[in-house]
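[1] need coordinates for the following:
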Amino acid sequence: MKTMELVLLLIFFPVTLSVKHSLTYLLTESSGLQTFPEYVDVAVVDEVQAGCYDSNSKTAEPKQDWAKKLIKDHPQQLEFYSQICVSLHVTLKTDLVNLEQYLNQTGDVHILQVMVGCEWDDKTEEVIGFAQTGYDGEDFLSFDLKTLTWNAAKPQAVIIKHKWDREAASIFIKNILTNICPQWLKMSLDYGKSSLLRTDLPSVFLLQKTPSSQVSCFATGFYPHRADMFWRKDGEELHEERGEILPNHDGSFQMSVDLNVSSVSPDDWKKYECVFQLSGQKDDVITKLDKAVIRTNWEILTDMTIPIIAVVALAVILIAAAGFMFYKKKRATNNITELSEQLNPEA
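    A predicted model of the protein is given here:
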């Protein structure tokens with residue numbers, strides 16, 4: 001009876017999976033670069049660039065049609081964003097100069113990066129704010145929302161940590177991360193829902209370079225970017241190396257996961273399957289490990305390839321013969337000009 005009740009419950013009240021959305025600002029303050037703006041700020045919604053600002057143009061520019069519509073309807077958003085960028089540029093430039101002097105690194109190229117934003121769960125309404133910095137490509141500082149202080153990732157970051165903790169901006173940062181950021185994120189999702197809230201399942205292929213190399217399960221064309229992919233054997237997940245999620249030129253994404261098949265016996269191939277999971281989707285995309293569907297850049301000789309090889313071989317022989325005749329002809333005369341006239345009668 002309980003089983004029947006559960007089935008009816010699932011039919012009339014289907015399970016809806018939550019989806020997490022994010023708004024991230026990527027800030028870069030640099031010194032020593034002549035062809036790059038000192039300050040660049042890029043706004044990203046669910047891994048899609050929504051807008052940007054740089055210290056050369058001093059103008060915030062929306063990058064998507066929906067972002068342009070949002071700014072048109074809410075011009076105060078653009079004004080507030082621009083003011084924040086100007087203020088952050090001044091602050092980060094001062095911090096970068098102080099840091100270079102403290103580390104005795106003046107005169108070289110150095111980069112201070114900040115990643116700040118929020119993540120919102122559309123079902124639970126949970127909001128997670130984050131702010132972290134990097135210096136010359138390494139982790140530097142991270143903001144703790146519980147203690148409202150900055151944590152130094154290395155000793156060199158302590159001087160900036162103390163400075164930022166003393167500036168009493170923690171409450172403002174918390175408000176940005178947990179209040180303003182989620183509001184802007186939800187507004188962006190509302191204006192860009194036709195593209196940002198779409199769901200595109202991937203095309204999945206099995207790829208292999210050589211008969212002895214690993215098999216790569218490659219998924220491309222999916223959206224959003226929140227996805228997972230792994231190999232499974234007899235229903236048990238295998239912890240194989242998975243590549244990072246990369247963007248395609250059309251705004252979709254791609255990823256891959258490899259499987260070492262060198263030790264897999266032919267009888268065990270049918271036990272393996274590649275599993276792709278997209279955030280918010282209940283059903284997985286499953287691809288069975290099958291030699292018949294693997295795409296390769298090597299080819300087993302067949303009745304069709306033998307004539308092709310014969311033609312190629314004949315062409316090589318003819319080219320070699322022509323080269324030999326030319327060699328003999330060149331040896332037969334020492335007059336280079338006459339030979340040139342023979343080869344190029346129109347010259």
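
[2] next SSE downstream of the helix or strand Gln76 falls within?
    Using DSSP states H and E, Gln76 sits within helix 75-102. Beyond helix 75-102 on the C-terminal side, the first helix or strand identified by DSSP H and E is strand 110-121.

[3] tell me the first helix or strand C-terminal of that next one.
    Moving toward the C-terminus from strand 110-121, the next element (DSSP H and E) is strand 127-135.

[4] let me know the average pLDDT across the helix or strand just after that next one.
    Sequence order places strand 138-144 as the next helix or strand after strand 127-135, per DSSP H and E. For strand 138-144, mean pLDDT rounds to 96.

[5] which strands and helices lie in contact with strand 138-144?
    Applying 3 or more C-beta pairs under 8 Å, 6 or more residues apart in numbering; DSSP states H and E, one finds that strand 138-144 contacts strand 127-135, strand 149-152, helix 158-166. All C-beta atoms are positioned from the backbone trio N, CA, C, and that covers glycine.

[6] can you put those in CSV and add mean pLDDT and mean neighbour count?
    Converted to CSV, those look like this (pLDDT from 0 to 100; neighbours: other C-beta atoms under 10 Å):
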stretch, mean pLDDT, mean neighbour count
strand 127-135, 96, 18
strand 149-152, 95, 16
helix 158-166, 89, 15
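
[7] same for the helix or strand hosting Lys72, what does it pack against?
    For Lys72, the host element (DSSP H and E) is helix 65-73. Contacts defined by 3+ C-beta pairs under 8 Å, 6+ apart place helix 65-73 against strand 61-62, helix 75-102, helix 181-191, helix 193-196.

[8] now render those as a markdown table, adding mean neighbour count and mean pLDDT.
    Compiled in a markdown table, the helices and strands packed on helix 65-73 are given as follows (neighbours: other C-beta atoms under 10 Å; pLDDT from 0 to 100):
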| stretch | mean neighbour count | mean pLDDT |
| --- | --- | --- |
| strand 61-62 | 16 | 94 |
| helix 75-102 | 15 | 92 |
| helix 181-191 | 19 | 97 |
| helix 193-196 | 14 | 94 |
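
[9] ok so, going back, among the helices and strands packed on strand 138-144, which is nearest Arg198?
    Nearest to Arg198, of all the helices and strands packed on strand 138-144, is strand 127-135, at 23.1 Å by C-beta to C-beta.

[10] run the angle between that closest one and strand 138-144 for me.
    150 degrees (axes from the mean of the first three to the mean of the last three C-alpha atoms, to 10 degrees).

[11] redo the helices and strands packed on strand 138-144 as JSON lines? Include distance to Ser55.
    Listed next are these as JSON lines, based on distance: least, C-beta to C-beta, whole Å:
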{"stretch": "strand 127-135", "distance to Ser55": "18"}
{"stretch": "strand 149-152", "distance to Ser55": "24"}
{"stretch": "helix 158-166", "distance to Ser55": "20"}
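
[12] so which of these is nearest Leu206?
    So among the helices and strands packed on strand 138-144, strand 127-135 is nearest, using C-beta to C-beta, at 36.1 Å.

[13] quick one: strands adjacent to the closest one?
    strand 110-121 (antiparallel), strand 138-144 (antiparallel) (DSSP bridges).

[14] the longest one: which residues count as buried?
    For strand 110-121, burial by neighbour count (16 or more other C-beta atoms under 10 Å) applies to His110, Ile111, Leu112, Gln113, Val114, Met115, Val116, Gly117, Cys118, Glu119, Trp120.

[15] contacting residues for the closest residue to Ala153 other than its chain neighbours?
    Counting by C-beta to C-beta, 6 or more residues apart in numbering, the nearest residue to Ala153 once its immediate chain neighbours are dropped is Asp139, at 4.1 Å. When contacts are counted by C-beta atoms under 8 Å, 6 or more residues apart in numbering, Asp139 touches Gln132, Ala153, Lys154.

[16] touching, the last one and Asp136? I think so.
    No. Lys154 lies out of contact with Asp136 (C-beta atoms under 8 Å); the separation is 11.0 Å.

[17] please name the bridge partners of the residue positioned nearest the centre of the chain.
    The centre of the chain sits closest to Leu246, judged by C-alpha atoms, centre = their mean, with a distance of 3.3 Å. In this entry, Leu246 is beta-bridged to Gln254, by DSSP bridges.

[18] lovely, talk soon.
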